[in-house]
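K.L.:
here's a sequence, model it:
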Amino acid sequence: VVDWNERVSWQCYNPNGNSRIVDGNNSIVEISNNYRYISFNFGPTLLSWLEKHDVNAYQKIIEEYRKRIKISKLLDLYFQKHCMVYKKPNTQRSDSFIIKYIKSILGNLYITELDLPKLIDFYQRKAAQTSFSTANHYIALISNFWNWCETYNYLPLNSNPCRKIPKGKNKKTPVKPLND
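P.N.:
Numbers count the residues shown, from 1 in each chain. I've put the predicted structure just below:
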């Protein structure tokens, strides 16, 4: 008796997660996760079967699925599961406002598309619109969001580029003494 799920998993799902890239001598030069390059949509029944019977294929599929999530959706999750749980109401309101702004600029990107040059551009634009201290506050929230994404495996650990953004300081205006 043939178990078709096992056969299809063995012949299709697993090989797509571990495709061999070979050179002219047929030597393996790289193992690639093809799910990165193909469109896929697995139903819950199949995914639950894969999770139990072909853990490797399941992990490769989930790994690529997590990379296809847009920043706006992850920011919503971050706000619901982190800010609403761990932050005070005043901070929640402030974060909500900042998140709306971040979503308007970066929200349509996939989480894996967000990189240091895009964050530097975001920071410089915000600093030009407001002040360095405001831009620093926005980047701090993005950094916390990035760390949250790392914790929940949406991004690789220790990949947060926010630490590398050169931060500016506001110029202090000298206080003039009051005349008597």
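
K.L.:
before we move on, which element is residue 21 in?
P.N.:
strand 19-22 (DSSP states H and E).

K.L.:
tell me the contacts of the spatially most central residue of the chain?
P.N.:
Centroid-nearest residue in the chain, with C-alpha atoms, centre = their mean: residue 111, separated by 3.4 Å. Taking C-beta atoms under 8 Å, 6 or more residues apart in numbering, we find residue 111 in contact with 66-67, 69-71, 74, 149, 154-155. No exception for glycine: its C-beta is placed from N, CA and C like everyone else's.

K.L.:
PyMOL command for the buried members of these?
P.N.:
The buried residues among the contacts of residue 111 can be selected in PyMOL (16 or more other C-beta atoms under 10 Å) with this line:
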select buried, resi 66+67+70+71+74+149+154+155
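
K.L.:
tell me the two of the contacts of residue 111 that are most distant?
P.N.:
70 and 155 (13.6 Å; C-beta to C-beta).

K.L.:
do a quick rundown of the helices in the chain.
P.N.:
Ranges of helices in the chain, per DSSP state H, are 4-8, 14-17, 44-53, 55-67, 71-78, 84-86, 89-106, 116-129, 132-151.

K.L.:
report all helices and strands that the third one contacts.
P.N.:
In terms of contact count using 3 or more C-beta pairs under 8 Å, 6 or more residues apart in numbering; DSSP states H and E, helix 44-53 is assigned the packing partners helix 4-8, helix 55-67.

K.L.:
any residues touching that helix, and which ones?
P.N.:
5-6, 9, 13, 42, 57-58, 61.

K.L.:
just the buried residues from those, in PyMOL please.
P.N.:
In PyMOL, this line selects whichever of the contacts of helix 44-53 come out buried by 16+ other C-beta under 10 Å:
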select buried, resi 9+13+42+57+58+61
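
K.L.:
looking at the contacts of helix 44-53, spot the one nearest residue 98.
P.N.:
residue 61 (33.2 Å).

K.L.:
that closest one against residue 14, yeah?
P.N.:
No. Under the criterion of C-beta atoms under 8 Å, residue 61 is not in contact with residue 14, lying 10.1 Å apart.

K.L.:
how many residues are close by the residue lying closest to residue 83 once chain neighbours are set aside?
P.N.:
Nearest non-adjacent residue to residue 83, counting by C-beta to C-beta, 6 or more residues apart in numbering: residue 95, 4.9 Å away. Using other C-beta atoms under 10 Å, residue 95 has 22 neighbouring residues.
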